[in-house]
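[1] I would like the atomic coordinates for the input below:
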Amino acid sequence: TMQDISLNVTQSHMQPPMAAFNKTVLNDLHITKTDIDKFLKYWQDFQKKNMSNQVDECQGYCQGEIYNWLRAYNSIHGYVSLMICIFGTIANILNIMVLTRKEMAKTPINNILKWLAVADMFVMLEYIPYTSYQYIYMGPGEKDLSYTWAVCLLIHMHFTQILHTISIGLTVTLAVWRYVAIRHPNGGCANFLLAHSREAILLPFILSPILCLPTYFVFKVRETYDVDSVNQEAMYHVYFDQDSVLYRFNFWIHSVIIKLLPCGILIVISAILMHVLCEASRRRLKLRDYNNPAKYAIQLNLNESKSKKPPRCDRRNDRTTLLLVAVLVLFLVTEFPQGLLGLLSGVMEKCFFAHCYPPFGELMDLLALINAAVGFVLYGLMSKQFRTTFRSLFMKRHFGSTEMTRLTRVTTTCV
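    So this is what the prediction gives:
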């Protein structure tokens, strides 16, 4: 029977290469060499047919001009990402140096921004050797299938995911902290956060490795052999079983809990913060003509109006809130597409992940690197205290001591 034939052929391949067929057994089963050749031919045709069916199953996925643009960018991703990483590493080091100054470190928000810069800095530092070897040192289409590089890829995958999850947690903490400071500045929640600010910053560092736990078991280094080569050298690559329950569970954890859920929280908090900024802007408009209160009261149908400027503390609160809104919006632009791609990969499974997800990989990395690198630019453009502290630290040692004292007093009482 065919089962007997396949069993004998399998057993024969398990023997050493120089071993010959047992002619006595073949004669007893009435199997000739022609029968074996026919079976092997049928088996090869069966494998080719299955392979063609798999190709047809995913045919038509993710085609179009946008994928041509993505593949064109992927050819220069190494050089672009390397420049961003070098700039981002230097920028985050400067952020850490400025935010650790005594006058800056007094506020919990600055401490959160400092540890966010630390996480982003390590992401940049780790990505530099990876992109230098993967995209610059190795030529187009070239692959390193050594065991050392496979292990390095696995470490790179876990390390960057943990640090990126820490950055997400710190960003959510930053948003919640600012919301409480604005909406309930004197409430019990604000007092609780002030009393446990260190624990609030430490929490993302503890939860992130736990949330990434399924990834440790999904991806592993696998050893294969090239049967077409003469020496049959071992090849190593990062492997994952797409049909396993753990693989699908990990996709849902990564896309929903780590990506989309924080994005939903940040969208709500960002909308609230923007509403607060609009209210503050309207309040300033009402008080713009404070020197002529009678005229302004007639225009707004008011019986009385206050004849004083908005407090300096309020104006500084608005600038701080606007800075944090910019940080949150940049984070949403970066993380929401990644979470959406991960969700679609979990829902549509094999074909989407195999044909649609990989072309976006380098683009998603680029967005994450930009998000991690531009913090220094945002702080410098939108925070007067940051600019003053930076100038006093790097330009003139005794620059603006009077202004720094005033800014420190304002920050301590208002932020």
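[2] which ones are touching residue 94?
    Neighbouring residues of residue 94 by Cβ atoms under 8 Å, 6 or more residues apart in numbering: 376, 390. In this view, the C-beta of every residue, glycine as well, is placed from N, C-alpha and C.
[3] so which helix or strand takes in it?
    Here residue 94, judged by DSSP states H and E, is contained in helix 77-99.
[4] The helix or strand following that helix vs helix 77-99, what angle?
    Next in sequence after helix 77-99, counting helices and strands by DSSP H and E, comes helix 108-131. With axes from the mean of the first three to the mean of the last three Cα atoms, to 10 degrees as the basis, helix 108-131 and helix 77-99 are set at 150 degrees to each other.
[5] next one: the helix or strand just after helix 108-131 to chain centre, how far?
    Remark: after helix 108-131, the chain's next helix or strand is helix 147-183, criterion DSSP H and E. The chain centroid and the centroid of helix 147-183 are separated by 7 Å, computed with Cα atoms, centre = their mean, to the nearest Å.
[6] Contacts for the following helix or strand past helix 147-183, please.
    Next along the chain after helix 147-183, taking DSSP H and E as the criterion, comes helix 188-195. With contacts defined as Cβ under 8 Å, 6+ apart, helix 188-195 is touched by 108, 177, 180-181, 184, 200.
[7] In TSV: these, plus pLDDT, neighbour count and distance to residue 98.
    Formatted as TSV, the contacts of helix 188-195 follow (pLDDT from 0 to 100; neighbours: other Cβ atoms under 10 Å; distance: Cβ to Cβ, whole Å):
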residue	pLDDT	neighbour count	distance to residue 98
108	86	20	16
177	85	23	19
180	83	17	25
181	79	22	21
184	75	13	29
200	90	20	22
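[8] Alpha carbons of the helix holding residue 94, in CSV - could you do that?
    Output in CSV follows, covering the C-alpha atoms of helix 77-99 (Å, rounded to 0.1, in the frame of the first residue of the first chain):
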residue,chain,number,x,y,z
HIS,A,77,15.7,53.4,6.0
GLY,A,78,19.1,52.5,7.4
TYR,A,79,20.7,55.9,6.7
VAL,A,80,17.6,57.9,7.7
SER,A,81,17.1,56.0,11.0
LEU,A,82,20.8,56.2,11.8
MET,A,83,20.8,60.0,11.6
ILE,A,84,17.6,60.2,13.7
CYS,A,85,19.1,57.9,16.3
ILE,A,86,22.3,59.9,16.6
PHE,A,87,20.4,63.2,16.9
GLY,A,88,17.8,61.7,19.3
THR,A,89,20.5,60.2,21.6
ILE,A,90,22.2,63.6,21.9
ALA,A,91,18.9,65.4,22.3
ASN,A,92,17.7,63.0,25.1
ILE,A,93,21.0,63.3,26.9
LEU,A,94,20.6,67.1,26.9
ASN,A,95,17.0,66.6,28.1
ILE,A,96,18.2,64.6,31.0
MET,A,97,20.9,67.1,31.9
VAL,A,98,18.4,70.0,31.9
LEU,A,99,15.5,68.2,33.6
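[9] what does the average pLDDT come to for it?
    Averaged over helix 77-99, pLDDT sits at 94.
[10] List the buried residues in that helix.
    77-78, 80-82, 84-85, 87-89, 91-99 (16 or more other Cβ atoms under 10 Å).
[11] For the residue nearest to residue 178 when sequence neighbours are not counted, which residues are in contact?
    Distances taken as Cβ to Cβ, 6 or more residues apart in numbering put residue 324 closest to residue 178, at 5.1 Å, once the chain neighbours are dropped. Going by Cβ under 8 Å, 6+ apart, residue 324 touches 109, 174-175, 178, 273.
[12] wait, which of those is closest to residue 128?
    The closest of the contacts of residue 324 to residue 128 turns out to be residue 174 (Cβ to Cβ; 26.2 Å).
[13] I'd like to know how many residues surround the closest one.
    Neighbourhood size, residue 174 [other Cβ atoms under 10 Å]: 24.
[14] Could I get the pLDDT score of it?
    Among the per-residue scores, residue 174 shows a pLDDT of 86.
[15] isn't it right next to residue 323, touching?
    No: with contact defined as Cβ atoms under 8 Å, residue 174 does not reach residue 323; the gap is 10.5 Å.
[16] if we can go back for a sec, arrange the contacts of residue 324 in CSV, one row each, with distance to residue 235 as further columns.
    Below are the contacts of residue 324 laid out as CSV (distance: Cβ to Cβ, whole Å):
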residue, distance to residue 235
109, 50
174, 45
175, 46
178, 51
273, 52
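[17] Skipping adjacent residues, who's closest to residue 130 in space?
    Leaving aside its sequence neighbours, residue 130 sits nearest to residue 156 (Cβ to Cβ, 6+ apart; 5.2 Å).
[18] any idea how far residue 131 is from that neighbour?
    To residue 131, residue 156 is 10 Å away according to Cβ to Cβ, to the nearest Å.
[19] What of residue 355?
    Taken as Cβ to Cβ, the span from residue 355 to residue 131 is 24 Å.
[20] same thing with residue 140?
    14 Å.
[21] Give me the more crowded residue out of those two.
    A direct count of neighbours by other Cβ under 10 Å for residue 140 and residue 131 places residue 131 higher, at 22 against 7.
[22] so which of the contacts of helix 188-195 would you say is closest to residue 62?
    For the contacts of helix 188-195, the nearest to residue 62 is residue 177 (40.0 Å; Cβ to Cβ).
[23] So the closest one is in contact with residue 110, correct?
    No: look at residue 177 against residue 110 with Cβ under 8 Å: they stay out of range, at 11.0 Å.
[24] show me where pLDDT drops low in the stretch 1-150 of the chain?
    In the predicted model, the stretch 1-150 of the chain carries pLDDT under 70 at residues 1-30, 44-61.
[25] make it 80
    Residues of the stretch 1-150 of the chain that meet the criterion pLDDT under 80 lie in 1-65, 139-142.
[26] For burial, what's the neighbour tally of residue 215?
    So residue 215, with other Cβ under 10 Å, has 19 neighbours.
[27] Which strands and helices lie in contact with the helix or strand hosting it?
    Element membership of residue 215, judged by DSSP H and E, is helix 213-218. Here helix 213-218 touches helix 147-183, helix 245-252, going by 3 or more Cβ pairs under 8 Å, 6 or more residues apart in numbering; DSSP states H and E.
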